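Visitor: One predicted model, sequence on top.
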2 protein chains.
Amino acid sequence: MVDVAKRAGVALSTVSYALNGTRPISEETRQRIYAAMEELGYKPHALARGLASKRSKIIALLFPTPERGLGLTELEFVTSAAEAARNNGYHLVLWSLPTDSSELRQLLQQGLVDGVLVMEVHLNDPRIELLRELEFPFSMIGRSADSSGMSYVDIDFERTTQLAVHYLAELGHRQIGFINHSQEAFAAGYGPTVRVAQHFDEAIATAQLQGVSTFCHDSVSAGYEMFNQLLTEHPSLSALIVMNERAMSGIIQAVSERGWSIPDDISLISLVSSARVAEMTLPTLTTLEPPIAELGALGVDLLIQQLEAHDRELPQALLPCQLVVRGSTGQVRRTER
Amino acid sequence: MVDVAKRAGVALSTVSYALNGTRPISEETRQRIYAAMEELGYKPHALARGLASKRSKIIALLFPTPERGLGLTELEFVTSAAEAARNNGYHLVLWSLPTDSSELRQLLQQGLVDGVLVMEVHLNDPRIELLRELEFPFSMIGRSADSSGMSYVDIDFERTTQLAVHYLAELGHRQIGFINHSQEAFAAGYGPTVRVAQHFDEAIATAQLQGVSTFCHDSVSAGYEMFNQLLTEHPSLSALIVMNERAMSGIIQAVSERGWSIPDDISLISLVSSARVAEMTLPTLTTLEPPIAELGALGVDLLIQQLEAHDRELPQALLPCQLVVRGSTGQVRRTER
C-alpha cells in the first residue's frame, strides 16, 4: 500500500481513507489510487472497492437444504435471481443452509454480503428473526407470519387457490380434493402449505362445494398411496388440486393403475408448477404457474432498492399464479360410481 | 485505518501490509489488527481478509444463459456445487453469461473470485480460451476438445452410451434410434452432443446393430414431430435413446397418440436424466443417471485443490452414468409391423 501511495502520488493515510471510507476524499484522487492499484497488480480491487464503500455489491440467496433438495420449480428461481442480480451490477452467492443453522450468524458477520434474499420462508422462521436481530438488510421470496415492515415478494396464494377452485367449479366439479405438502411442513409453518390449506377451505365454502384437504410427503410413493386412500374414503371426488410435484407423479401412476383416464375419470391441477415440469407428464398438467422470472427478479430488485435507497421504505408485492389449462382437466363425466 | 493502527498498537504501514499482503507480518500481529477492525466496527472483514491473503475464498459457477435456460437436471448441479463449496469454507457466486460474452473478462479482472467452475462446456469454448489467456484458475464440469493440462470432471459419455446400447441389445432390440440435442448444439460443439453422437455410432457398430442418429430441438413439439418423422422413415425401430429431456415429453405424447404403449411398442431410455425428472412421467423412465452430487462436489473440490495446492497438478475425472431400469424399457414384442 506504500507502493500504491507512491505511485498515486498521495499520502499513505489518503490511501487508507480511500480504502476504508472513513474520510471523504475527492473522486479524482480515489480514481488515481485505484489506477495505481491496478497498475501494480493489486488484483483484488473488487475487494478494495468493497472496503472503500463498505459495500461489497454481493448479495446472498439463502435457501434451506431439506434432505430432498429444492423442488424442480423452486430451482428455477435460483437462475432468475442470479440474472436479476447481474443486471443490477451485483453478484449473487448461494447459501444453502438448514433453517435453524447457527452458521448463518457467522456468515452474516463475515461482512461479505450487503444483503440477503431469503427463499422458502416459514411462518416463524429463525432466519428472519436472526436477520432482524442483527438489523441485516434482507428481502424474502415468500413471507413470515408477521411480515409488516419487511420487504417481500410472494405468490398471492389466496387468489391462486381461488382461481383453481373456481375453474374446477366451472367445469362442473362439486367434490374436490386438495393434496398439500406434508403434515411436517405444515407444522413447521412452511408458508405455502399453511396458506393454501386455509384458502382452499375458504374457496370451497364460498363456492358451496365439498372439499377434502390432506397432507402428503414429497415422494412418488406417498402420492401413490395418498391417492388410493383418498379415493377409497371419498369415492365421489372428481378433481384434485395438488401442490406437491413429487406426489403428483405417484398420483398419475395410481390413476393409470386403476384403468382410469385423465381427465375423463379425474381432473388434476398442479398448483405452483412451472411449464417445464407440467410438460413432462402425459397428459400435460393444467397448472397454476408461478411467475418465476418476475418473482426472482423482483425479490432481487426489492433487496437492492433497500440497500441503495436511504428512505428505508420496504416494498411488498404479491403476484398471483396464472391458470394455464393443459390436458389434465376437463368437465365432469363420471356422474356416478 | 489510522484508528485501526492505533487500536492495534501497530504502525499504519503494518496495517497496510496486513491488508495487502505485500510483506510478511506475524500471525499474532495480523490477529491483533483484525480484532481491532472488528472492535471498531469495520464490518467488511471478509473483504479485508481477502485483501490480506489475496484470496477471497469466493469461487464462481459459470453457466451459459441459453434462451431456454438450463435443463432441469443441469439445475440440480447448481445446488450440489453450492453445498460442496460451503463444506470447503468457500462461497459460490453464480455467473450466468452467454458463452461469447465480453462481460466475463471484466468480471474476472474485478478480482472478486479466486477461481471459476465452468459448466456446459463446448468443445471450442471462448470462456476456456479466455481463462487460459488470463491464467485464471478454473475447473470444468465437462471439458473442451483439448483438455490436456486442464482440470475437469465430466461424465464418461463413452461408457454411458455403451451401457444404454448394450442394455437394449440384451432386451433383443436390433434397430435403435438416438435422439440428440439440436444440430445447432452439435455445430457449436456442445460436448455431450458431439461425444454421444460419436459413441452411439461406435457402440451400434460394435454390437452389430442398426442405428439411426438424429438431432432435435429442445422442445416438446420438436420431440413430437421428430418421433413421427423417425418412425415413418424407419418403421422397424423398436427402441429410442433420447438425450433431450424436453423432446422426451413430446415423444411420449406422440407414442400415446398412435395408440402405442411403452415399452410394449417402443422402449425409451433417457440419457443423462436425474431421478426426479425420470419419475415425472408414466411409465417412469429408464435412465442413464448422472452422479449429480458427485460431479458438482468433485468439480468444486478439484478447483479448490488447484487454488490451495502449490504443486499445480491438475486432476481430471470421468464418471459414468448409472443405468437405472424403470418402466419405459422392455423386451422387443413388436416382431413385425
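Guide: In hand now; what should we look at? Keep in mind that what you see is a predicted model, and the values were worked out from it rather than measured. Residues are numbered from 1 along each chain as shown, chains lettered A, B, ... in the order given.

Visitor: and the residue of the stretch 151-300 of chain A nearest chain B?
Guide: Across the stretch 151-300 of chain A, the shortest distance to chain B (Cβ to the nearest Cβ) belongs to residue A:280, at 3.9 Å. From N, CA and C alone the C-beta is placed, and that goes for glycine too.

Visitor: nearest spatial neighbour of that residue, skipping sequence neighbours?
Guide: Leaving aside its chain neighbours, residue A:280 sits nearest to residue B:280 (3.9 Å; criterion: Cβ to Cβ, 6 or more residues apart in numbering or on different chains).

Visitor: And residue A:219, by the same measure?
Guide: With sequence-adjacent residues excluded and distances taken as Cβ to Cβ, 6+ apart, residue A:219 is closest to residue A:246, at 5.4 Å.

Visitor: And what about the one you found, helix, strand or coil?
Guide: What DSSP: H, G, I helix; E, B strand; the rest coil gives for residue A:246 is helix.

Visitor: which stretch of helix or strand covers residue A:318?
Guide: Element membership for residue A:318, per DSSP states H and E: strand A:316-319.

Visitor: got it, and residue A:269?
Guide: If you go by DSSP H and E, residue A:269 is part of strand A:267-271.

Visitor: which strands and helices sit next to that strand?
Guide: Judged by 3 or more Cβ pairs under 8 Å, 6 or more residues apart in numbering or on different chains; DSSP states H and E, the packing partners of strand A:267-271 are helix A:157-170, strand A:239-242, helix A:245-257, strand A:286-289.

Visitor: Just the mean pLDDT for it, thanks.
Guide: Mean pLDDT, strand A:267-271: 97.

Visitor: on that earlier part again, buried sites along the strand holding residue A:318?
Guide: Across strand A:316-319, burial judged by 16 or more other Cβ atoms under 10 Å in any protein chain shown covers A:316, A:319.

Visitor: same deal with stretch A:118-129?
Guide: A:118-123, A:125, A:127-128.

Visitor: Would you check which pair of those residues lies furthest apart?
Guide: Greatest spacing in the buried residues of stretch A:118-129, by Cβ to Cβ: A:119 and A:123 (14.7 Å).

Visitor: before we move on, back to that, which one of the helices and strands packed on strand A:267-271 is the most hemmed in?
Guide: Of all the helices and strands packed on strand A:267-271, strand A:239-242 has the most neighbours on average by mean count of other Cβ atoms under 10 Å in any protein chain shown, namely a mean of 26.

Visitor: Looking at that one now, give me its mean pLDDT.
Guide: Averaging pLDDT along strand A:239-242 gives 98.

Visitor: roughly how far is that strand from the heart of the chain?
Guide: 22 Å (Cα atoms, centre = their mean, to the nearest Å).

Visitor: Show me what that strand packs onto, helices and strands only.
Guide: Counting contacts by 3+ Cβ pairs under 8 Å, 6+ apart, strand A:239-242 packs against helix A:157-170, strand A:175-179, helix A:220-233, helix A:245-257, strand A:267-271.

Visitor: Please tabulate the ones you listed in TSV, including the columns distance to residue B:176.
Guide: Converted to TSV, the helices and strands packed on strand A:239-242 look like this (distance: least, Cβ to Cβ, whole Å):
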stretch	distance to residue B:176
helix A:157-170	42
strand A:175-179	39
helix A:220-233	28
helix A:245-257	27
strand A:267-271	34
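
Visitor: Least reliable of the ones you listed by average pLDDT, please.
Guide: Taking the mean pLDDT of the helices and strands packed on strand A:239-242, helix A:245-257 comes last: a mean of 91.

Visitor: That helix packs against which elements?
Guide: Using 3+ Cβ pairs under 8 Å, 6+ apart, helix A:245-257 sits against helix A:220-233, strand A:239-242, strand A:267-271.

Visitor: List the neighbouring strands of the shortest one plus their orientation.
Guide: Spelled out, it's strand A:239-242. In the sheet containing strand A:239-242, its partner strands are strand A:175-179 (parallel), strand A:267-271 (parallel), by DSSP bridges.

Visitor: so which of those strands is the most packed in?
Guide: Scoring these by mean count of other Cβ under 10 Å, the most buried comes out as strand A:267-271, with a mean of 27.

Visitor: worst-scoring helix or strand of chain A, pLDDT-wise?
Guide: Of all the helices and strands that make up chain A, helix A:45-53 has the lowest average by mean pLDDT, DSSP states H and E, namely a mean of 57.

Visitor: With that, I have no additional questions.
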